[in-house]
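Enquirer: With the input below, show me the fold.
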Amino acid sequence: MDLEYKVKVVFLIVNVVVLISSIFLKDIKVKNAVRTGVAIALIMFSIFSLLKLI
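Expert: Take a look at the predicted model:
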């Protein structure tokens, strides 16, 4: 259970970093919109997964 928890925490941190970088590095708007949407979805999924573990 500890290992799974750590993996999900790392996954959440990575997604937050991706989201922040996609906001600050606006190269192509369409790609960024997709990346941001995916990142938000992954963050939401991670948060719900963590809440289930707690």
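Enquirer: buried sites along stretch 42-54?
Expert: 42, 43, 46 (16 or more other C-beta atoms under 10 Å). Every C-beta, even on glycine, is put in place using the N, C-alpha and C of the backbone.
Enquirer: will you turn those into TSV that also has distance to residue 4, pLDDT and secondary structure?
Expert: Formatted as TSV, the entries for those read as follows, by distance: C-beta to C-beta, whole Å; pLDDT from 0 to 100; DSSP: H, G, I helix; E, B strand; the rest coil:
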residue	distance to residue 4	pLDDT	secondary structure
42	16	79	helix
43	18	78	helix
46	12	76	helix
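Enquirer: Would you mind checking which of the residues you listed is nearest to residue 17?
Expert: residue 43 (10.7 Å; C-beta to C-beta).
Enquirer: Which helix or strand contains the closest residue to the closest one other than its chain neighbours?
Expert: Take residue 43 and drop its neighbours on the chain: the residue closest to it by C-beta to C-beta, 6 or more residues apart in numbering is residue 15, 4.8 Å away. For residue 15, the enclosing helix or strand under DSSP states H and E is helix 2-24.
Enquirer: And the contacts of that helix?
Expert: For helix 2-24, the external contacting residues (C-beta atoms under 8 Å, 6 or more residues apart in numbering) are 32, 35, 36, 39, 40, 42, 43, 46, 47, 49, 50, 53.
Enquirer: All set now, cheers.
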